[in-house]
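Participant: Predicted model and sequence follow; I will ask about them next.
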There are 4 protein chains.
Amino acid sequence: MAIRKKLKMGMVGGGPGAFIGAIHRNAALMDGLIELSAGAFSSNSEKSRQAGEELMLDPSRVYASYDEMIQKELKLPEEERIDIISIVTPNNVHFDPTKKALENGFHVVLDKPLTLNYEEAKTLYKIIKKSDKLFCLTHTYTGYPMIKQMKQMIANGDIGIIKKVYVEYPQGWLYKLLEHENNKQAEWRTDPARNGKAGCFGDIGTHAFNLAEYVTGLHVTKICADLDIKVEGRPIDDDGAVLMRFENNASGILTASQVDTGCENNLKIRVYGDKGGLEWQQEDNNSLIARWPNRPAEVWRAGTGYLGSLANENTRTPAGHPEGYIEAFANIYRNFARCIYDLRNGEEPKAEWWDFPGAEDGIRGMAFIDHVLASSESDQKWTPFIVEK
Amino acid sequence: MAIRKKLKMGMVGGGPGAFIGAIHRNAALMDGLIELSAGAFSSNSEKSRQAGEELMLDPSRVYASYDEMIQKELKLPEEERIDIISIVTPNNVHFDPTKKALENGFHVVLDKPLTLNYEEAKTLYKIIKKSDKLFCLTHTYTGYPMIKQMKQMIANGDIGIIKKVYVEYPQGWLYKLLEHENNKQAEWRTDPARNGKAGCFGDIGTHAFNLAEYVTGLHVTKICADLDIKVEGRPIDDDGAVLMRFENNASGILTASQVDTGCENNLKIRVYGDKGGLEWQQEDNNSLIARWPNRPAEVWRAGTGYLGSLANENTRTPAGHPEGYIEAFANIYRNFARCIYDLRNGEEPKAEWWDFPGAEDGIRGMAFIDHVLASSESDQKWTPFIVEK
Amino acid sequence: MAIRKKLKMGMVGGGPGAFIGAIHRNAALMDGLIELSAGAFSSNSEKSRQAGEELMLDPSRVYASYDEMIQKELKLPEEERIDIISIVTPNNVHFDPTKKALENGFHVVLDKPLTLNYEEAKTLYKIIKKSDKLFCLTHTYTGYPMIKQMKQMIANGDIGIIKKVYVEYPQGWLYKLLEHENNKQAEWRTDPARNGKAGCFGDIGTHAFNLAEYVTGLHVTKICADLDIKVEGRPIDDDGAVLMRFENNASGILTASQVDTGCENNLKIRVYGDKGGLEWQQEDNNSLIARWPNRPAEVWRAGTGYLGSLANENTRTPAGHPEGYIEAFANIYRNFARCIYDLRNGEEPKAEWWDFPGAEDGIRGMAFIDHVLASSESDQKWTPFIVEK
Amino acid sequence: MAIRKKLKMGMVGGGPGAFIGAIHRNAALMDGLIELSAGAFSSNSEKSRQAGEELMLDPSRVYASYDEMIQKELKLPEEERIDIISIVTPNNVHFDPTKKALENGFHVVLDKPLTLNYEEAKTLYKIIKKSDKLFCLTHTYTGYPMIKQMKQMIANGDIGIIKKVYVEYPQGWLYKLLEHENNKQAEWRTDPARNGKAGCFGDIGTHAFNLAEYVTGLHVTKICADLDIKVEGRPIDDDGAVLMRFENNASGILTASQVDTGCENNLKIRVYGDKGGLEWQQEDNNSLIARWPNRPAEVWRAGTGYLGSLANENTRTPAGHPEGYIEAFANIYRNFARCIYDLRNGEEPKAEWWDFPGAEDGIRGMAFIDHVLASSESDQKWTPFIVEK
């Protein structure tokens, strides 16, 4: 193997007050494959500078805009230049930096959802597909080892033909008009101009949808949605439920809410086939419950010796030493980095690494938002789910 | 108070191989207010006789039919005669014995659902309403102390205005064609002639519906259902989901299945208002989880000193000594008996006792079955939920 | 089989304000094998009369003392006479009524512990052994179906040679001097004259000890105890821990407390062998966790089809419909009654029924109390555990 | 604030096949305050070189021994030189590198326990105390946010005067002679020459002891131990229990085992005072259960807005996005780094940062091992716990 060096990453967004930027950095750094080398942390150049200083970056590589970052980094010798651009801005600033990054030869990690709207998504999808650079969309929950195990057991046929999928994402933090109380997170996430036209369903409904398709390996074919605004004065959905059918006619129920008062982030998915069932929830993320007709339920645990390759490639600690959300996130970055290395060396990456979310997840997620909004407005029960790309 | 004697009960159904009859007897007997004095345990007179013998009844009071039981008991002196008739037959034998029992002056406890179909239900509803005898429908789950506590806290406004209701009843036992394998329970429950035209939704969907209306005190006003048959060869639904709206516009999601392979009976209900949320599940029936916006979630426990009157009147053991399903059932019988005593004495029963399910629950449950089937067939998203009585 | 009639029971104690008497009645009545026919509910004859009235007994069979009950019942024709005497008084009133009941030909169910002290116990043990009547001591926790399953799996060798036993009984209700606040339960349980010289260890420590020996089938051979009084002003232990060794040299740790503030009654036992481990706790009494070296832990559940005969004979509801403390208690009464019937018919009772606690458990429990107190006072580490009978 | 740069770390140990070295690197890197710049990863120079290559270090800074690392790094300009030496070798290689690192001006992070034996510990304790460099011992479990919260609530008096402490560390991985099956971890951990004379109690018993003293703020004053070897052929304890008393006379029970077959790493601590109780376990590390006498138990959760400063300074994600073992570890590294920065700047570090385990924890842990072994051999019940330094 050729001598490797750490991959260099530049970040777009993630300045003061941002939550997800810091998580991206924890995740990218943890495994020692990636280092943070540059950043355009805010559209306010002073704020960007401050963030760079706090992060102990070389000031010459802290930029006032992603355009500047791309242009100046391109002028650096290839050895010094960043390899990856990580984009962690609000949804209205996803399309442009991703497009430019890819077109200028950088690999891209983008926080989900893909774009502000479906139209942008269709364009960006084509750009990504055309690019020879790697693209990753951080649907974080697919990075959990026991979600990987669930996917692999289903693919193996362990629970038979899938009949039923329940997926739920209950949050409670928007139980009141927090967006009027100087909460930055609440502000942009309830503002259609920055967030897109779906609120709760853009933010977390898409995660639930992505997870359901990821673990089952099945595509949704029609939906029936009932979205609502539960807090008066809010311009955007904060709650909803969607009935679904999958390509094999399995039934699905997806619920997402930001007004389930007191709830945190207990994303939960349960899948039942004609031979057994599998259940996972984020609050107990290191366990996977397997249910069977005529024998005891089992608790499969991360870090044990009896798991499949997909889980094994995505853990760090021995059983009983809990890994969590940041490690799930880090698995995505680590697999992304491993693939970059392999492709550089002309090697085919392991299937277990080549398993991070990308353009396909992105376009389907944006289509989901569009269809859910349409279905919720419709008097007709079923809205076909058709993804144009 | 006048001298009391134990109430005498006669049972219809509940012979060999029946499951629910034995539970009714455990529940009725446990608190020492009711004794089993007579029975028509099977339409097969020999089987009825055997059951009577096993139950150590006086052979002269073991009957070949409920008609015989009613006629012969009426001829006994009032002191010896049964007071209550408990009906635990398949759904096609609900209407007639209930009608005759009431019309001949007996109090009635009837296993749910009310009748075989909505038409019967409308007639029986009127008969019950006209009768001066007490009628109870055993929607067992409303008998759990922490369900009672949940109802009372919601009625008190503790969690504010209700916005969201999740109720689910996942079973897995019909994951295959058990009805072709000599399973008596599976046979009648999947036979429209004995069970009614809804399978899973007649059996357990109605329980979930009843529980949602019971704890919230709100009526459902429209529904959108997607029922399905997941096991080929079955003539009746074994799975489904229903979107609902309540009279105050709260959203509801009700799911019920008998093909969630490996699942037992973990009925679960979660209700969120604008001040907090409450969560209960049968597998942990002695706990009620209360969630709040800015303070720790709480675990309210049965048998403690801090509960309301509704829970207090429905427990027997100190905190930490679990009560279960039979006690929930016994609460219904005990409250029914307490009300009979009070009414005999010309006293108004305590509100906490006068809280067992009855005709209203019965007619709404049958309407639910009818509307769910109609909605599931419909192309229209919403079906108004209107109960004719 | 000869024609059976219900067994008639008379109760000693269990009048107004008592907790355990009511539980005994629920348990005895639930299964329809036993009826309450007589009682001496209090040493105060007026209170006894009132209790009898509330329980709707024939006033002629409500007595002022157990002596009176025994004498008058003996004069009744055998068909009317009580078969069983159930004794639910404080510990200082265990010896005498048990002795007299047995010696006068009644079967006895006695609330634990056996007697007020070890001396009484040794005498009573001999009396019970000599008697041809059945004797049962209600170590309730041995009645749980999943405890039965645990015992059977261990006896089968499923977890190999036992190496380790953890048993704990944490309560918190005596966290302050409740006995000075008019709490009747607290008063007698902290009064050596009525309770015996061990407080917490007489009340709940003995339950933990009994459970450990019951499920493992192993006897304790030496102990090292550290008891303490954690609430100033209390004359009797309210907390303690005991290191133990079993006959096969397995190690045990037993803890019991009534000052683990906020704890209810989560009795818990965990046993590990060289092939696997089993864990049970009362708060989740319908589950038994099985752990294995290189495969997922399993959750064995009451009411399922895959359990052994010992659990199967001690359940009533299908899986997922929780049974609880009263059913565990009722299992003891039901098995006791089944054995009486079989013995009457000259049949050998099933091993699964002939499995209720008795004289052996009683004498070992009283020896445990004595040895624990001695060990706690001793400077020596180990005190041999030797039971004199 | 002066311009900061990342702290440079050199690692001793952590080469191929090591588990804990990789965890240290994850933890050190995650927060972007520390970078790995050098290493002596194995006493085998080729293995060290390979490890350095895999970690993408500059080959000139990959050394064959810690002596070499210390000498060569000292020759580098201060700006390039490592600041911290992280030592992750077996216990017999703790004393010497720590001593040399500190004496040559490097800050030290050392994996626990402090040394191979108590004698070494007493010497090293003095060296650490004399040094002006920072020393940290990775008792990881003290890094969990809800452990921090527990400590702070107890210090605040929220649960009153401590009466009772339960701490347990059940593992099962050494249920058989794994050390004879080419398992590297099992080999050195059961070899007194590399591990020290206590096996289970050196490895995990000390963690449990440290945690108990950390959260309560109380010192143990006497102990009574029963250690054992449960797997024949093993030269060293693999199981044990210790009764303890604390300086305020509170009682403690500490158990640790490596033969609780099937158990993973569910370290658990429960503390009860006269006002309430607190319970934490690693398997649910983001929750802290608070129990109270007359109101519902509470579930305090990491990442929420209602926690104290000690927890708040040790979290990264919002409530419901689980952090785990690596984050707990990273908290220790982050606090260590924050203190180095502050001290460099002549500032007093925040108390919340200046809260990582150090020399005091180390010497007490080694004293614990020595006393536990002595007590276990003794016929006397209590062995006073006296720490010589």
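Facilitator: Nice, I can see it. Numbers count the residues shown, from 1 in each chain, chains lettered A, B, ... in the order given.
Participant: CA atoms only for stretch A:222-233, dumped as CSV, please.
Facilitator: Written as CSV, here are the backbone C-alpha positions of stretch A:222-233 (Å, rounded to 0.1, in the frame of the first residue of the first chain):
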residue,chain,number,x,y,z
LYS,A,222,-47.3,5.2,-2.5
ILE,A,223,-48.1,7.3,0.5
CYS,A,224,-51.0,8.9,2.4
ALA,A,225,-50.0,11.8,4.6
ASP,A,226,-51.6,13.9,7.3
LEU,A,227,-49.3,16.8,8.3
ASP,A,228,-50.4,19.5,10.6
ILE,A,229,-49.3,22.7,12.4
LYS,A,230,-50.0,22.1,16.1
VAL,A,231,-48.6,25.4,17.4
GLU,A,232,-50.5,28.4,16.3
GLY,A,233,-48.5,31.0,14.5
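Participant: Which residue is the nearest non-sequential neighbour of A:D228?
Facilitator: Spatial nearest neighbour of A:D228, chain neighbours left out: A:D239 (5.1 Å); criterion: C-beta to C-beta, 6 or more residues apart in numbering or on different chains. C-beta here means a position set from N, CA and C on the backbone, and glycine is covered the same way.
Participant: Now that neighbour, what are its backbone angles?
Facilitator: Torsion angles at A:D239 (phi, psi; degrees, to the nearest 10) stand at phi -170, psi 150.
Participant: ok so A:Q149 is a helix residue?
Facilitator: Yes. Counting by DSSP: H, G, I helix; E, B strand; the rest coil, one finds A:Q149 located in a helix.
Participant: Now do the most centrally placed residue in chain A, the pLDDT please.
Facilitator: With distances taken as C-alpha atoms, centre = their mean, A:H139 lies nearest the centre of chain A, 1.4 Å away. As predicted, A:H139 sits at a pLDDT of 96.
Participant: hmm, back to that, wait, doesn't the residue nearest to A:D228 sit right on B:K163?
Facilitator: Yes. Under the criterion of C-beta atoms under 8 Å, A:D239 is in contact with B:K163, at a separation of 7.3 Å.
Participant: Can you tell me how far A:Y169 is from A:K148?
Facilitator: To A:K148, A:Y169 is 19 Å away according to C-beta to C-beta, to the nearest Å.
Participant: Please apply the same query to A:D111.
Facilitator: The gap separating A:D111 from A:K148 is 21 Å, by C-beta to C-beta.
Participant: A:Y141 too?
Facilitator: A:Y141 sits 11 Å away from A:K148, going by C-beta to C-beta.
Participant: Check A:A40 too.
Facilitator: In this view, A:A40 and A:K148 are 33 Å apart by C-beta to C-beta.
Participant: go on, A:T216?
Facilitator: 13 Å.
Participant: Compare these two (neighbour count), which wins?
Facilitator: A:K148 (28 against 24; other C-beta atoms under 10 Å in any protein chain shown).
Participant: Please look at that one and A:L310 and confirm they touch.
Facilitator: Yes. Counting by C-beta under 8 Å, A:K148 does reach A:L310; the two are 4.0 Å apart.
Participant: Name the residues contacting each of these two.
Facilitator: A:352, A:355 (C-beta atoms under 8 Å, 6 or more residues apart in numbering or on different chains).
Participant: And the residue of the stretch 1-150 of chain A that's closest to chain B?
Facilitator: Chain B sits closest to A:M150 of the stretch 1-150 of chain A, with a gap of 14.2 Å, by C-beta to the nearest C-beta.
Participant: Show me where the stretch 101-250 of chain A dips below the pLDDT cut-off.
Facilitator: Residue ranges of the stretch 101-250 of chain A with pLDDT under 70: none are present.
Participant: Which positions in it make contact with chain B?
Facilitator: Proximity of the stretch 101-250 of chain A to chain B (C-beta under 8 Å from any C-beta of the partner chain) is limited to residues A:159-160, A:163-164, A:166, A:168, A:172, A:175-176, A:224, A:226, A:228, A:230-231, A:239-241, A:243.
Participant: on that earlier part again, pull up the overlap in contacts between A:D239 and B:K163.
Facilitator: In contact with both A:D239 and B:K163: A:230, A:259, B:251, using C-beta under 8 Å, 6+ apart.
Participant: contacting residues around the second one?
Facilitator: The reference is to A:V259. A:172, A:174-175, A:230-231, A:238-239, B:163-164, B:272, B:274.
Participant: how about 10 Å then?
Facilitator: By C-beta atoms under 10 Å, 6 or more residues apart in numbering or on different chains, A:V259 lies in contact with A:170-176, A:200, A:228-231, A:234, A:238-239, B:163-164, B:251, B:272-274, B:277.
Participant: Identify the residues contacting the residue nearest to it when sequence neighbours are not counted.
Facilitator: The shortest distance from A:V259 to any non-neighbouring residue, by C-beta to C-beta, 6+ apart, is to A:K230 (4.4 Å). Contact analysis of A:K230 by C-beta under 10 Å, 6+ apart lists A:174-175, A:200, A:237-240, A:257-261, B:161, B:163-164, B:249-251, B:272, B:274.
Participant: In helices, which of those residues appear?
Facilitator: Within those, membership in helices is found for A:C200, as judged by DSSP state H.
Participant: can you map out the strands along the stretch 101-250 of chain A?
Facilitator: With DSSP state E, counting those that start in this stretch as the criterion, the stretch 101-250 of chain A has strands at A:107-110, A:135-137, A:162-170, A:220-228, A:239-246.
Participant: Please convert those strands to TSV, extending it with mean neighbour count.
Facilitator: Below are these laid out as TSV (neighbours: other C-beta atoms under 10 Å in any protein chain shown):
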stretch	mean neighbour count
strand A:107-110	26
strand A:135-137	25
strand A:162-170	25
strand A:220-228	21
strand A:239-246	25
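Participant: Using JSON lines, lay out the ones you listed together with distance to C:P293.
Facilitator: Output for those, formatted as JSON lines (distance: least, C-beta to C-beta, whole Å):
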{"stretch": "strand A:107-110", "distance to C:P293": "40"}
{"stretch": "strand A:135-137", "distance to C:P293": "38"}
{"stretch": "strand A:162-170", "distance to C:P293": "32"}
{"stretch": "strand A:220-228", "distance to C:P293": "41"}
{"stretch": "strand A:239-246", "distance to C:P293": "38"}
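Participant: who wins for proximity to C:L76 among the ones you listed?
Facilitator: strand A:162-170 (61.7 Å; C-beta to C-beta).
Participant: Paired strands for that closest one, with orientation please.
Facilitator: Within its sheet, and counting by DSSP bridges, strand A:162-170 is paired with strand A:251-257 (parallel), strand A:268-273 (antiparallel).
Participant: how far does the last one sit from the chain's center?
Facilitator: If I follow you right, that is strand A:268-273. Its chain's C-alpha centre and that of strand A:268-273 lie 20 Å apart, by C-alpha atoms, centre = their mean, to the nearest Å.
Participant: now do the longest one
Facilitator: Centroid displacement of strand A:251-257 relative to its chain, using C-alpha atoms, centre = their mean, is 18 Å.
Participant: got the contact list for the residue in the stretch 51-200 of chain A positioned nearest to chain C?
Facilitator: Chain C sits closest to A:Q149 of the stretch 51-200 of chain A, with a gap of 10.6 Å, by C-beta to the nearest C-beta. By C-beta under 10 Å, 6+ apart, the residues touching A:Q149 are A:215, A:278, A:280, A:288, A:290, A:300-302, A:304, A:306-312, A:314-315.
Participant: Can you select the buried ones among these for me in ChimeraX?
Facilitator: Of the contacts of A:Q149, the buried ones go into a single ChimeraX selection, burial set by 16 or more other C-beta atoms under 10 Å in any protein chain shown:
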select /A:215,278,280,288,290,300,301,302,304,307,308,310,311,312,314,315
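Participant: ok, which of the contacts of A:Q149 also contact chain D?
Facilitator: A:301-302, A:304 (C-beta under 10 Å from any C-beta of the partner chain).
Participant: Just the closest of these to chain B, please.
Facilitator: In terms of C-beta to the nearest C-beta, no member of those lies closer to chain B than A:R301, at 18.0 Å.
Participant: residue contacts, the closest one?
Facilitator: Applying C-beta under 10 Å, 6+ apart, the residues near A:R301 are A:145-146, A:149, A:286-288, A:307, A:311, A:319-320, C:296-297, D:264, D:283.
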